[in-house]
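Chemist: got a predicted structure here, sequence first:
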Amino acid sequence: MGERTITRADLAEAVYQEVGLSRNESAMLVEDVLETIAKGLIQGSTVKLSSFGTFAARDKGGRIGRNPRTGEEVPIEPRRVLVFRPSHVLRDMINGKTPGDAVED
C-alpha cells in the first residue's frame with residue numbers, strides 16, 4: 001500500500017490541473033474550502049460531503065485514565081474531538097468496489 005501523504009499543495013495542484021485556475025487561485029480555493037469546513041466544525045455544525053463522508057465535532061466528558069507504564073491514575077479533562085464517518089460510497093471505493101457493483105449473497 002502507498003504510504004504517500006496528500007498535502008494542501010497536492011490538492012491545489014490537482015485543482016490547477018483539473019479546473020484550469022491559476023496556481024495561486026487554486027491554492028486560495030483549497031484554503032477557502034478547508035477554512036469553511038473548519039469554521040463549521042468550530043461552530044458545532046456537521047459537515048457532510050456527499051459521496052465522501054461526514055465530519056462532526058463531539059464533546060467527550062472528563063474521566064479518570066491510567067498511565068499504562070506506572071499504573072497511576074490521571075484525570076482526563078473534558079474535550080471536543082473530531083470524528084469522521086465515511087460514506088458507503090467511499091467505503092466501497094476503498095474496498096475496490098465500483099458504485100454499480102451488485103451485492104452478492
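Modeler: Received the coordinates, thanks.
Chemist: from now on I want contacts and neighbour counts done on CA atoms only, so please keep to that.
Modeler: OK.
Chemist: and the spatially most central residue of the chain, how close does it get to Ser45?
Modeler: Nearest to the geometric centre of the chain sits Phe84, at 5.7 Å (C-alpha atoms, centre = their mean). From Phe84 over to Ser45 the distance is 13 Å, taken as C-alpha to C-alpha, to the nearest Å.
Chemist: so where do the strands sit in the chain?
Modeler: With DSSP state E as the criterion, the chain has strands at 47-49, 53-60, 63-66, 73-76, 79-86.
Chemist: got TSV for those, with mean pLDDT too?
Modeler: Listed next are the strands of the chain as TSV, based on pLDDT from 0 to 100:
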stretch	mean pLDDT
strand 47-49	97
strand 53-60	96
strand 63-66	95
strand 73-76	95
strand 79-86	96
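Chemist: using JSON lines, lay out those strands together with distance to Arg23.
Modeler: Supplementary listing: the strands of the chain in JSON lines, determined by distance: least, C-alpha to C-alpha, whole Å:
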{"stretch": "strand 47-49", "distance to Arg23": "24"}
{"stretch": "strand 53-60", "distance to Arg23": "27"}
{"stretch": "strand 63-66", "distance to Arg23": "47"}
{"stretch": "strand 73-76", "distance to Arg23": "44"}
{"stretch": "strand 79-86", "distance to Arg23": "29"}
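Chemist: sorry, back to before: need the residues touching each of Phe84 and Ser45.
Modeler: Common contacts of Phe84 and Ser45 (C-alpha atoms under 8 Å, 6 or more residues apart in numbering): Ala56.
Chemist: got any ranges where this protein has weak pLDDT?
Modeler: The model of the chain has pLDDT under 70 over residues 1-2, 99-105.
Chemist: for it, longest helix please?
Modeler: helix 23-42 (DSSP state H).
Chemist: extract the CA atoms of stretch 75-94 and return them as CSV.
Modeler: Extracted C-alpha coordinates of stretch 75-94, given in CSV (Å, rounded to 0.1, in the frame of the first residue of the first chain):
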residue,chain,number,x,y,z
PRO,A,75,-7.6,12.9,35.3
ILE,A,76,-8.5,13.4,31.7
GLU,A,77,-10.2,16.7,31.1
PRO,A,78,-13.4,17.1,29.0
ARG,A,79,-12.7,18.0,25.4
ARG,A,80,-14.1,18.1,21.9
VAL,A,81,-12.9,15.6,19.4
LEU,A,82,-13.3,15.4,15.6
VAL,A,83,-15.0,12.3,14.2
PHE,A,84,-15.2,11.3,10.6
ARG,A,85,-17.7,8.8,9.3
PRO,A,86,-17.0,7.7,5.7
SER,A,87,-19.9,7.3,3.3
HIS,A,88,-20.8,3.9,1.9
VAL,A,89,-19.6,5.1,-1.5
LEU,A,90,-16.1,5.9,-0.2
ARG,A,91,-16.0,2.6,1.8
ASP,A,92,-16.9,0.7,-1.3
MET,A,93,-14.2,2.6,-3.4
ILE,A,94,-11.6,1.8,-0.7
